[in-house]
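In: What shape does this take:
(one chain, ligands or ions: 1)
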Amino acid sequence: MTMTEHADKKRVALHHQIFIGLSMGVVAGLIANAAWGEAAGLDWLIRNVTTPIGQVFLRIIFMAVIPLVFSALALGVAELGDVRQLGRIGGRTFAYTLVVTMISVAIGLILVNWVKPGVGLSEAERQLLTGSLTSSTVNKALQSAAESKTIVQTLLDLIPKNPLADAVGAFDENHRGGGILAVMVFSLFVGLALALVRSERTETFERFLQGLYDVVMKIIQMGMRLAPVGVACLVFGVVARLGLDVVYILGKYVLLVLFGLCLQMFGVYSLVLKYAVRVSPWRFFVAIREVILTAFSTSSSNVTLPTALAVSEHNLGIPRRISNFVLTLGSTANQNGTALYEGVTVLFLAQFFGVDLTLTQQFTVVLASVLAGIGTAGVPGGSLPVIVLVLQSVGVPGEGIGIILGVDRILDMSRTVLNVTGDITAAMYVAKKEGYSFDIK
Ligand code: ASP
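Out: Here you go, the predicted model:
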């Protein structure tokens, strides 16, 4: 076996390693929860050992996200060549995102109106859930929602006055600017200008960007080596803390969200893949399993972006100029899972508090969920402040979010899988429309 073959073999095995890490985290977490669920020692272990180890892994990937987004998008646009092509691909990506996000929200809302998971809880169960309404996460989400901006300001902030400030604040919950979306807009401009000015000097700059892209991908590859251990630690913390009582009481709501996500993933995406892209959905899902595992265990579309880029190129054969553009934008702006989850959660909490929503208010929820799918940051728990905002705007107490916090992480992991799978499906669809065809092995 040559060195490269050996290395290849090792790389292929990474998703197996991640899977083993995930399983070990789940099993160890379940045992720890059953044996020492309430013990202070377990809490200490999670706070001081497993969470920090998981964070080391996440942080190595996070530190590469901004340079990756910048180089991938600028190169993606520059490589598209002319402005008309960019307009066409951008238009298709946008139209696809809008339609599929709306389907996603519709699935969620139909299910939640039909099953009504928030109605009919016993008084004792309600007490148990509302007892947890003062945690610091609730306060943080309430605070971010209170500092929300007007729609005009939000749109204006997409065009950064100072792209570096937005890059610096991209993962800071208290950042007031456009954050990573603004960084994306800046990168699009750089790519566009690069495509328009073709000279020897800009060629040097383009090669610099290519170098940056390669270096950043390498850093991420190094970080991914820690993935199996990091994932085991992250998942252990979630499972060990997640008291089964809460899951049981919120069971209907949790199952409903998961069922909705599955419908979108295996129903809607399969239809798109089979009839619009003309590939076997089954082969597609098998080919992207590493992406699914990474999204599930990290709860972050941004952290999963590098894996999605690599898998799209190597396993699916999506041309890089298209995947760089669609996947990078999509990691923040195309979040079907988040949109579905927002709609279900707001209506669930409205049912819980006995608030009857008027037709206009229901419409607000639909619109807000679609927008949440476009504007939510691709980081763990990115949806929470948005949910508080929507809750308050339709007259449901924002603190209500505390009711679902206990189970949010597991739903976050699941909706992130849908978010990222949705991005890759979008890239397949756009590439097909651009005349490419696929033969997934
Ligand atoms: N964690 C999600 C993501 O990164 C965002 C969310 O909270 O819905 O895709």
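In: Pick out the residue nearest the middle of the protein.
Out: Nearest residue to the geometric centre of the chain (C-alpha atoms, centre = their mean): Ser301, 3.5 Å.
In: my guess is that residue contacts Leu418, does it?
Out: No. Counting by C-beta atoms under 8 Å, Leu418 is not a contact partner of Ser301; they are 10.0 Å apart. Using the backbone N, CA and C atoms, a C-beta is placed for each residue, glycine as well.
In: Give me the common contacts of these two.
Out: Shared contacts of Ser301 and Leu418, defined by C-beta atoms under 8 Å, 6 or more residues apart in numbering, are absent.
In: residues from the stretch 151-300 of the chain in reach of the ligand?
Out: Residues of the stretch 151-300 of the chain lying near the ligand by C-beta under 6 Å from any ligand atom: 299-300.
In: Phi, psi for the residue of the stretch 151-300 of the chain found nearest the ligand please.
Out: Using C-beta to the nearest ligand atom, Ser300 is the residue of the stretch 151-300 of the chain that sits closest to the ligand, at 4.3 Å. The phi and psi torsions at Ser300 (degrees, to the nearest 10) take the values phi -140, psi 120.
In: What is the neighbour count of it?
Out: Applying other C-beta atoms under 10 Å, we find 27 other residues in the vicinity of Ser300.
In: Please determine how far it is located from Trp282.
Out: For Ser300, the distance to Trp282 (C-beta to C-beta, to the nearest Å) stands at 26 Å.
In: do the same with Pro380
Out: 29 Å.
In: who's more crowded, the two?
Out: The neighbour comparison of Pro380 against Trp282 (other C-beta under 10 Å) goes to Pro380, with 20 against 13.
In: ok, now which ones touch that one?
Out: Pro380 touches 298-300, 409, 412, counting by C-beta under 8 Å, 6+ apart.
In: So it: helix, strand or coil?
Out: Secondary structure for Pro380, judged by DSSP: H, G, I helix; E, B strand; the rest coil, is coil.
In: what's the pLDDT at it?
Out: Pro380 is assigned 86 on the pLDDT scale.
In: now the one 4 residues further on
Out: We have a pLDDT of 85 for Leu384.
In: hmm, back to that, so who does the residue nearest to the centre of the chain touch?
Out: By C-beta under 8 Å, 6+ apart, the residues touching Ser301 are 295, 330-332, 335, 378, 416, 419-420, 423.
In: what's the helix or strand hosting Pro228 packed up against?
Out: Assigned by DSSP states H and E, Pro228 belongs to helix 227-241. Here helix 227-241 touches helix 14-36, helix 51-80, helix 289-298, helix 401-433, going by 3 or more C-beta pairs under 8 Å, 6 or more residues apart in numbering; DSSP states H and E.
In: So which of these is nearest Val272?
Out: helix 401-433 (5.8 Å; C-beta to C-beta).
In: what mean pLDDT would you report for that closest one?
Out: Helix 401-433 comes out at a mean pLDDT of 91.
In: just stretch 361-374 next, same as before
Out: The average pLDDT for stretch 361-374 rounds to 85.
In: all helices of the stretch 51-200 of the chain, in order?
Out: 51-80, 83-115, 123-130, 136-146, 151-156, 163-168, 179-196, 200-224 (DSSP state H, counting those that start in this stretch).
In: Quick check: Val238 touching Arg409?
Out: Yes. Between Val238 and Arg409 there is a contact at 4.6 Å, judged by C-beta under 8 Å.
In: More neighbours: which of those two?
Out: More neighbours surround Val238 than the other of Val238 and Arg409, with 22 against 19 (other C-beta under 10 Å).
In: and that one, what does it touch?
Out: By C-beta under 8 Å, 6+ apart, the neighbours of Val238 are 29, 409-410, 413.
In: circling back: output the helices and strands packed on helix 227-241 as TSV; include the columns distance to Leu196.
Out: Shown next, in TSV, are these (distance: least, C-beta to C-beta, whole Å):
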stretch	distance to Leu196
helix 14-36	40
helix 51-80	9
helix 289-298	33
helix 401-433	22
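In: Val291 versus Leu86, what's the distance?
Out: Counting by C-beta to C-beta - Leu86 and Val291 are separated by 26 Å.
In: My error: substitute Pro117 in the last question.
Out: Distance, Pro117 to Val291, by C-beta to C-beta: 30 Å.
In: So for those two, which sits in the more crowded spot?
Out: For Pro117 versus Val291, neighbours defined as other C-beta under 10 Å are more numerous around Val291 (27 against 22).
In: Give me the pLDDT value at the closest residue to Pro380 other than its chain neighbours.
Out: Sequence neighbours aside, Ser299 is the residue nearest to Pro380 in space, at 4.0 Å (criterion: C-beta to C-beta, 6 or more residues apart in numbering). At Ser299, the model reports a pLDDT of 91.
In: Ser414 is in contact with Ser299, correct?
Out: No. The criterion here is C-beta under 8 Å, and Ser299 misses it with Ser414 at 9.1 Å.
In: Just want to know which of the two has more residues nearby.
Out: Per other C-beta under 10 Å, whichever of Ser299 and Ser414 has more neighbours is Ser299, with 27 against 22.
In: Just name the shakiest helix or strand of this protein by mean pLDDT.
Out: In the chain, no helix or strand scores lower on mean pLDDT, DSSP states H and E than helix 3-12, which sits at a mean of 46.
In: Can you report how many residues lie near Thr416?
Out: Counted with other C-beta under 10 Å, Thr416 comes out at 29.
In: Now do the contacts for the closest residue to it other than its chain neighbours.
Out: Residue nearest to Thr416 in three dimensions, not counting chain neighbours: Ala295, with 4.6 Å by C-beta to C-beta, 6+ apart. Counting by C-beta under 8 Å, 6+ apart, Ala295 makes contact with 301, 304, 413, 416-417, 419-421.
In: can you check Met265 too?
Out: With C-beta under 8 Å, 6+ apart, Met265 has these contacts: 417-418, 421.
In: So the nearest residue to His15 once chain neighbours are set aside versus Arg207, what's the distance?
Out: Using C-beta to C-beta, 6+ apart and skipping residues adjacent in sequence, the residue nearest His15 is Glu290, 3.9 Å away. From Glu290 across to Arg207, the span is 29 Å (C-beta to C-beta).
In: Of these two, give the one with the bigger neighbour count.
Out: Taking neighbours as other C-beta under 10 Å, Glu290 and Arg207 compare with Glu290 leading, 23 against 10.
In: isn't the more buried one right next to Thr307, touching?
Out: Yes. Glu290 lies in contact with Thr307 (C-beta under 8 Å); the separation is 6.0 Å.
In: quick one: the closest residue to Ala431 other than its chain neighbours from the ligand, how far?
Out: Nearest residue to Ala431 in three dimensions, chain neighbours excluded: Ile322, at 4.7 Å (C-beta to C-beta, 6+ apart). Distance, Ile322 to the ligand, by C-beta to the nearest ligand atom, to the nearest Å: 21 Å.
In: Sweet, I'm off.
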